[in-house]
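Asks: sequence unavailable; structure follows:
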């Protein structure tokens, strides 16, 4: 094997320029493949980070209008969800329901300090809203169960809001704001690029609005979700429980609206797989030009070396030895230059990672060891494919004719 | 008997088939130094190619060192060439990017012998040819005589049963030709069987037997030189 490697190295180094020019096409193909795979991985990571299993295991449920007459009620009736719907949903909603929380917005509420005010309203929610809304607490904490149970007057501000109200977001935790005529303690400051919500415990907001238990939305945390069937089960059971409690037909789609985020997660998984496949196809098609180049050069090489092949055959080279040598040369060119492409591809993905690789749309755009293994397999296959036909041609060379060829 | 040909015929197909060898009968004893002479197109090179298992014949029978050479597949033919025959060609047929040592060692590569051992064996052969100091030179850096001696060293390295030389002095000046023929005679004196195809009477004169071929037939009077 070492002998064959030496033999190949000697042949390739004898034709440095030709070998290099051929190799560049392969290196380019692999480079493109690595960069595309890295970018695709970055996109996948970003979507996973934004909408991973944890963030996607939620269903939002809110009331609508009935579309069907049911049990003596006419159609067109408004269905308002209540906070006492939460317990039956948790209890009878089936094996995928982990917990149900409610939310309530008071859009007219103004949050102010002596320095400034914000008028985005206040949003009553439970502890799970942090995960569901992808809220990353930067200082302090998020709303907890004790806030809910004791109906504490606490708020969690978005970082920009905290800067506006207190000058410096770091100073906000522990200070007080005014809202709905009461004084509230800031317990946390969070970061989120898109969200500008002032969070408060749902129970406190509900108590202050005097809304007689009517809620805006129910946020249901799901568990053990895996398939499309699980999504259908959850949606059906939510509708089932709520239709019993509010007297509407369980197939009345307009009575309550269910947005099951896990459905999006599954669709996103399919999209990611399609994207990955498309990237491989584009990469391999780019690589195809390299294959054709290597194959072409190997044909030229075999033609140029017909006389040499004749000599080798005359002194005892079997057709298989010639086949192995030409194939191995082809694999060596593709592997050698392929890895040059891999190297530069990795350098570029690292640069991407360091510059734009920590954003909402691209996160850690790197290729892992699995991809390196896949690319190695591709390189060997590509090399063998590129060398196969020239190698077959080389074995067909008749020694007596080849020796005449000068 | 190392070579025995019985009624060998060879025709090249084509619009007008060319019958190049006609009922060739030939026997060469072990240890002979003989030449095959004939005009251009007489069939001597075709005969040499058949002897060297580089080409096939149509009818007849060829036995080389006790092995019937007939209907061999390419792998078996290559194996027999490597084991039984050493070739020396007019244009040396050295591989240009390999140095003298590597060229001489190449047949052993196809025998699966390791690099260190085959290089040692190749160096022995180059020393025998008086070329040890040229071992690491490329063919382009050697004179014609030196190239041909490298080619002879390559032919000898597998310790073949026979050396087949096709116009081995054809590309050499008269002085170098004499040197090369002296090498052949020395090898023959050591017991090596050598068959030389040539059109040069001076070369023929230096062999022990001249086989004359004309129009695809061996002329009746094989002669001792």
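Replies: Yes, it's here. Everything numeric in this text was worked out from a predicted model, so none of it was measured.
Asks: model confidence for the residue of the stretch 251-400 of chain A found nearest chain B, exactly?
Replies: Going by CB to the nearest CB, chain B is nearest to residue A:316 of the stretch 251-400 of chain A, at 2.5 Å. Where C-beta positions appear, they are placed from N, C-alpha and C, glycine not excepted. pLDDT recorded at residue A:316 is 91.
Asks: in this structure it contacts residue B:76, no?
Replies: No: with contacts counted by CB atoms under 8 Å, residue A:316 stays clear of residue B:76, the gap being 11.5 Å.
Asks: which of the residues in the longest helix belonging to chain B are buried?
Replies: The single longest helix within chain B, with elements called by DSSP state H, is helix B:174-189. Buried residues in helix B:174-189, counted by 16 or more other CB atoms under 10 Å in any protein chain shown: B:176, B:177, B:178, B:179, B:180, B:181, B:183, B:184, B:187, B:188.
Asks: mind listing the strands whatever helix or strand comes next after it pairs with, and their directions?
Replies: Counting by DSSP states H and E, the next helix or strand C-terminal to helix B:174-189 is strand B:193-198. Neighbouring strands of strand B:193-198 in its sheet, by DSSP bridges, are strand B:33-37 (parallel), strand B:162-166 (parallel).
Asks: what angle do strand B:193-198 and helix B:174-189 make?
Replies: Strand B:193-198 runs at 150 degrees relative to helix B:174-189, counting by axes from the mean of the first three to the mean of the last three CA atoms, to 10 degrees.
Asks: quick one: which of residue A:316 and residue B:76 has more around it?
Replies: Shown here are residue A:316 and residue B:76; by other CB atoms under 10 Å in any protein chain shown, residue A:316 has more neighbours (22 against 14).
Asks: residues touching that one, list them.
Replies: Applying CB atoms under 8 Å, 6 or more residues apart in numbering or on different chains, one finds that residue A:316 lies in contact with B:78, B:79, B:81, B:82, B:83, B:107, B:110, B:111, B:158.
Asks: change it to 7 Å
Replies: Counting by CB atoms under 7 Å, 6 or more residues apart in numbering or on different chains, residue A:316 touches B:78, B:81, B:82, B:107, B:110, B:111.
Asks: for the closest residue to it other than its chain neighbours, helix, strand, or coil?
Replies: Among residues not flanking residue A:316 along the chain, residue B:82 sits closest, at 2.5 Å (CB to CB, 6 or more residues apart in numbering or on different chains). Secondary structure state of residue B:82, per DSSP: H, G, I helix; E, B strand; the rest coil, is helix.
Asks: what number of residues lie near residue B:82?
Replies: Using other CB under 10 Å, the number of residues around residue B:82 comes to 20.
Asks: and if you look at residue B:216?
Replies: Using other CB under 10 Å, residue B:216 has 22 neighbouring residues.
Asks: who's in contact with stretch A:37-50?
Replies: A:134, A:268, A:272, A:275-276, A:279, A:283, A:349, A:352, A:357, A:360-367, A:371.
Asks: got the contact list for the residue in chain B that chain A sits nearest to?
Replies: When distances are taken as CB to the nearest CB, chain B reaches nearest to chain A at residue B:82, 2.5 Å away. By CB under 7 Å, 6+ apart, residue B:82 lies in contact with A:315, A:316, B:107, B:110, B:111, B:158.
Asks: among the residues you listed, which lie within helices?
Replies: Among the contacts of residue B:82, DSSP H puts residue B:107 in helices.
Asks: contact partners for residue A:80?
Replies: The neighbours of residue A:80, taking CB under 7 Å, 6+ apart as the test, are A:63, A:214.
Asks: for the longest helix of chain B, the averaged confidence score.
Replies: If you average the pLDDT over helix B:174-189, you get 90.
Asks: off-centre distance for that helix?
Replies: Averaging C-alpha positions (CA atoms, centre = their mean, to the nearest Å) puts helix B:174-189 14 Å from its chain's average.
Asks: and if you look at stretch A:204-212?
Replies: For stretch A:204-212, the distance to the chain centre is 39 Å (CA atoms, centre = their mean).
Asks: again, but for stretch A:223-238
Replies: A distance of 22 Å separates the centroid of the chain from that of stretch A:223-238, by CA atoms, centre = their mean.
Asks: quick one: average pLDDT of that stretch?
Replies: Rounded mean pLDDT across stretch A:223-238 is 93.
Asks: equivalent analysis for stretch A:190-206, please.
Replies: Mean pLDDT, computed over stretch A:190-206, is 89.
Asks: again with stretch A:54-72
Replies: Mean pLDDT, computed over stretch A:54-72, is 90.
Asks: for that stretch, buried residues please.
Replies: The neighbour-count check on stretch A:54-72 (16+ other CB under 10 Å) flags A:55-64, A:66-68, A:70 as buried.
Asks: could you export the buried residues of helix B:174-189 as JSON lines, including distance to chain A?
Replies: Putting the buried residues of helix B:174-189 into JSON lines (distance: CB to the nearest CB, whole Å) gives the following:
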{"residue": "B:176", "distance to chain A": "21"}
{"residue": "B:177", "distance to chain A": "21"}
{"residue": "B:178", "distance to chain A": "26"}
{"residue": "B:179", "distance to chain A": "23"}
{"residue": "B:180", "distance to chain A": "19"}
{"residue": "B:181", "distance to chain A": "22"}
{"residue": "B:183", "distance to chain A": "19"}
{"residue": "B:184", "distance to chain A": "19"}
{"residue": "B:187", "distance to chain A": "18"}
{"residue": "B:188", "distance to chain A": "21"}
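Asks: roughly how far apart are residue A:38 and residue A:339?
Replies: According to CB to CB, to the nearest Å, residue A:38 stands 16 Å off from residue A:339.
Asks: these two: which has the busier surroundings?
Replies: Neighbours were counted for residue A:38 and for residue A:339 using other CB under 10 Å; residue A:38 has more, 26 against 18.
Asks: setting aside sequence neighbours, what's the nearest residue to that one?
Replies: In space, and not counting its chain neighbours, residue A:38 is closest to residue A:349: 3.4 Å by CB to CB, 6+ apart.
Asks: so what's the gap between the helix or strand that neighbour falls within and the chain middle?
Replies: Using DSSP H and E, residue A:349 falls within helix A:319-356. Counting by CA atoms, centre = their mean, helix A:319-356 is centred 28 Å from the centre of its parent chain.
Asks: now do stretch A:19-34
Replies: With CA atoms, centre = their mean, you get 28 Å for stretch A:19-34.
Asks: and stretch A:181-201, by the same measure?
Replies: Chain-centre distance of stretch A:181-201: 28 Å, with CA atoms, centre = their mean.
Asks: and the closest residue to chain B within the stretch 51-200 of chain A, how far from residue B:158?
Replies: Ranked by CB to the nearest CB, the top residue of the stretch 51-200 of chain A for proximity to chain B is residue A:52, at 56.0 Å. Distance of residue A:52 to residue B:158, computed by CB to CB: 68 Å.
Asks: the more surrounded of these two?
Replies: Counted by other CB under 10 Å, residue A:52 and residue B:158 do not tie: residue B:158 has more neighbours, with 21 against 15.
Asks: skipping adjacent residues, who's closest to residue 86 in space?
Replies: No chain was given, so I picked chain A. Once flanking residues are discounted, residue A:86 sits nearest to residue A:100: 4.3 Å by CB to CB, 6+ apart.
Asks: my question was about chain B
Replies: Using CB to CB, 6+ apart and skipping residues adjacent in sequence, the residue nearest residue B:86 is residue B:155, 2.9 Å away.
Asks: what's the separation between the residue nearest the centre of chain B and residue B:49?
Replies: For chain B, residue B:164 is the residue whose C-alpha lies nearest the centre (CA atoms, centre = their mean; 1.7 Å). With distances taken as CB to CB, residue B:164 is found 9 Å from residue B:49.
Asks: next: residue B:152.
Replies: Relative to residue B:49, residue B:152 is positioned 19 Å away (CB to CB).
Asks: who has more neighbours out of these two?
Replies: Ranked by neighbour count (other CB under 10 Å), residue B:152 and residue B:49 place residue B:152 first, with 27 against 21.
Asks: grab the nearest non-local neighbour of residue 129.
Replies: Here I'm looking at chain A. Using CB to CB, 6+ apart, the nearest residue to residue A:129 is residue A:199, at 6.5 Å.
Asks: wrong chain, I was asking about chain B
Replies: Residue B:129 sits nearest to residue B:149 (CB to CB, 6+ apart), 4.2 Å away.
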